[in-house]
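S.K.: Generate a structure from the sequence data that follows.
(2 chains)
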Amino acid sequence: MAIQMILCLETNKRANTDYIYMKETIDYLYQKSNQVKISIVYMKTKSKYCASSVLKEISRKTKDYVQGETKVIYCIDTDEYEKDTKHAKELNDIQQFCKRNDYDLIWFCHDVEEVFWGKKIPDSAKVQKAEAFRRKRKIEEMSVKELSDDTIKACRSNILNVLDKYLIRK
Amino acid sequence: MANQLYLLNLTVSGVKCIKEDVRLDFYKKTIDKNFNPDKYRVKAIYGENGSGKSALMTAVKIFQDLVIETNYLMESQTQKFLDEIINKTTHRFRFACEFLIGTDKRLVIFKYSFCLGKNNNGLYEIKSEVLKVKNGNYPNDKYQTLFECKEGELIYISCIEKAKEVIEKVTTNLLSMQSFIYLYITNTKKIAVPQKDFFDEDFFAYMMLISFAPLFMNIYIPAEDQHELYFLQRRLKEEGVEQKELMDNLFAIEDRWNIYASVSEKYVVKTYFKRYKKKVNRLAQFIKIFKPDLVSIDIDAKENGEVYVCDLNLNYGDYIINKEFESTGIKKLIRLFDCFESASTGGIVFVDEMDANLNDVYLCKLIEYFMYYGKGQLCFTTHNLDPMNVLKENRNSIDFLSSDNHLVPWTSRGNASPENCYKNGMIEDSPFNIDATDFVGIFGE
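M.R.: Numbering: from 1, shown residues only, chains lettered A, B, ... in the order given. The predicted structure follows:
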């Protein structure tokens, strides 16, 4: 059965380092299949998770994919949710939103770089680090456990738990 | 209904990356006396790089060569070519096709298939070859086998007993390396003599009809996919051939090129020269559409025994350019001229990478011409998405070949355009999961 995964990313096309890490994960751990279509919706910021432009884009991509089922997956950084109530509320709102709409949620705590590098990366070095991650094949050093956590904690993500539902491991 | 030849479908497996059957359908499923191919004359095949588009074109070329070329399988170059081109895991090349040949009164459908496989000496030979025929006026008519060969033996032939004896005589021990059709049509003086008691008129008529099919095909494969240069280079390295032999081989390649681009034939038999001149005049008219300042195309003909050695010069009034020094696009148009002429007058044409070096606007207008005015068939591979907007008007005109060799024909989806669906990865089995970020970290230190 063909499936479309719509990944909703909290970036724009120009600063799309999140997807580099996700694509490295998908390519390294999962079988390539023409039955899986990966579409991306750029939300620009996390706060636009339910903006009409985002929902419209999801709806359009869902409608265009006639050969199978579409699954919507929000991919977000938790940010400092423990320290900042604004971040905590936003995270909770997105969790509730995904639950209501039967969407999946992939979280990276506190952000994608922290999960894949195990440390904070300053904004100015993010592109360079993403390049290095791919060039140095860093994905091969990643622990599957750190990418398949159920509970939100630093340097962890649930990415594999979600992807395992739709993709087949190598 | 005028006399016509139409390729209904073809099925190919075991060539390059194509392991399993890939079937191209050019017409709708049901064929009856109301057969009308007008909306089914042009087909474009789209697909990712390496999906097997060129393999399909090569397969058609192998079919044509096998049926019309003398000693095709006996040539060491052919064997080397097949060794490289036939799928490395299956080592079997299968080709099947259905042709419709129509006259004023009757439609005849032929189903021809063959399989090439390796013999004990590691050479490719014909493992099976079958030709069937049925009446195309009635959709429920059943196929009757005309002949069947297996492992070099003629195991069935539908003709009178005396004809069978004579045919067996001329085909014995040859059917592994030569197609039955080739052997039959090249031995008609021995086996198809009217008034003789071994002459089977019906069988003869069918064989003549089917032999037209490959003769009316024109297949254009770009230089890089023709492989001759590769084999020459390899041979040069392996055997250290002498300069003279190399030159002879290069000229032989040029001769084969002329099969595809006979308007730029180097050697023109004197008796055909008048016809050749007319053709070059038409070529000039054609090129003038793209280069209005072209005055004429002049033939530089030098006498050499039975032939003229010809070269073409494009005359722009103030200056003259030899065709070899024309722009890449114009050179391509010159080479394609024969294909286009064939497709517009009833031939069956396959062009690999039709869009290469051609301006988008010209390409779309040419395709439009064949859709509205062509009398033959044009099937081409391309990466250019613009023609989709033109092609979508017709039926069976756009096929998508996926990287796993699954062929998906375009079917109308309301207002959705095939172009958008394709480039957004919304065509079955062609998801195009590629993003600009995929190149991040690939280039540079």
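
S.K.: hey, let's count contacts and neighbours off CA atoms from now on
M.R.: Noted.

S.K.: Mind picking out the helix or strand in chain A with the poorest mean pLDDT?
M.R.: Using mean pLDDT, DSSP states H and E, the weakest-scoring helix or strand in chain A turns out to be helix A:126-135, at a mean of 92.

S.K.: any idea which helix or strand carries A:Val54?
M.R.: helix A:52-64 (DSSP states H and E).

S.K.: show me the contacts for B:Asn384.
M.R.: Residues in contact with B:Asn384 (Cα atoms under 8 Å, 6 or more residues apart in numbering or on different chains) are B:Asp355, B:Asp360.

S.K.: Report the secondary structure state of it.
M.R.: The assignment at B:Asn384 comes out as coil when based on DSSP: H, G, I helix; E, B strand; the rest coil.

S.K.: What segments of the stretch 201-350 of chain B are strands?
M.R.: Assignment of strands within the stretch 201-350 of chain B using DSSP state E, counting those that start in this stretch yields the ranges B:217-220, B:267-269, B:296-304, B:307-315, B:320-322, B:348-351.

S.K.: Likewise for chain A?
M.R.: Remark: strands of chain A, listed N- to C-terminal, are A:2-9, A:36-42, A:68-77, A:104-109, A:156-157; assignment by DSSP state E.

S.K.: can you dump the C-alpha coordinates of the third one into PDB?
M.R.: Extracted as PDB, the C-alpha positions of strand A:68-77 are listed here (Å, rounded to 0.1, in the frame of the first residue of the first chain):
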ATOM      1  CA  GLY A  68      -2.600   5.800  -1.300                       C
ATOM      2  CA  GLU A  69      -3.000   6.900   2.300                       C
ATOM      3  CA  THR A  70      -1.500  10.100   3.700                       C
ATOM      4  CA  LYS A  71       0.000  10.500   7.200                       C
ATOM      5  CA  VAL A  72       0.700  13.900   8.600                       C
ATOM      6  CA  ILE A  73       3.800  14.100  10.900                       C
ATOM      7  CA  TYR A  74       4.700  17.300  12.800                       C
ATOM      8  CA  CYS A  75       8.400  17.500  13.500                       C
ATOM      9  CA  ILE A  76       9.300  20.000  16.200                       C
ATOM     10  CA  ASP A  77      12.000  20.900  18.700                       C
END
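
S.K.: circling back to that earlier point, nearest to B:Asp298, out of the strands of chain A?
M.R.: Across the strands of chain A, the minimum distance to B:Asp298, taken as Cα to Cα, is reached by strand A:36-42, at 54.5 Å.

S.K.: Which residue does chain B have closest to chain A?
M.R.: At 4.2 Å from chain A, B:Gly441 is the closest residue in chain B, using Cα to the nearest Cα.

S.K.: number of nearby residues for the closest residue to A:Ile121 other than its chain neighbours?
M.R.: Sequence neighbours aside, A:Glu113 is the residue nearest to A:Ile121 in space, at 6.3 Å (criterion: Cα to Cα, 6 or more residues apart in numbering or on different chains). Burial of A:Glu113 is recorded as 24 neighbouring residues (other Cα atoms under 10 Å in any protein chain shown).

S.K.: isn't A:Glu113 right up against A:Pro122?
M.R.: No - here A:Glu113 lies out of contact with A:Pro122, judged by Cα atoms under 8 Å, at a distance of 9.3 Å.

S.K.: Could you show which parts of chain A are in contact with chain B?
M.R.: By the rule Cα under 8 Å from any Cα of the partner chain, the part of chain A lying against chain B is A:16-17, A:19-20, A:23, A:34-39, A:64-67, A:130-135.

S.K.: related to what we said a few turns ago, in a markdown table: the strands of chain A, plus mean neighbour count.
M.R.: A markdown table is the format used below for the strands of chain A (neighbours: other Cα atoms under 10 Å in any protein chain shown):
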| stretch | mean neighbour count |
| --- | --- |
| strand A:2-9 | 22 |
| strand A:36-42 | 22 |
| strand A:68-77 | 20 |
| strand A:104-109 | 23 |
| strand A:156-157 | 26 |
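
S.K.: OK, contacts around the closest residue to B:Tyr316 other than its chain neighbours?
M.R.: Once flanking residues are discounted, B:Tyr316 sits nearest to B:Leu294: 4.6 Å by Cα to Cα, 6+ apart. Taking Cα under 8 Å, 6+ apart as the definition of contact, the neighbours of B:Leu294 are B:Ala284, B:Ile287, B:Lys288, B:Leu314, B:Asn315, B:Tyr316, B:Gly317.

S.K.: how far away is the third one from B:Phe443?
M.R.: When you say that, I think you mean B:Lys288. Here the distance between B:Lys288 and B:Phe443 works out to 43 Å (Cα to Cα, to the nearest Å).
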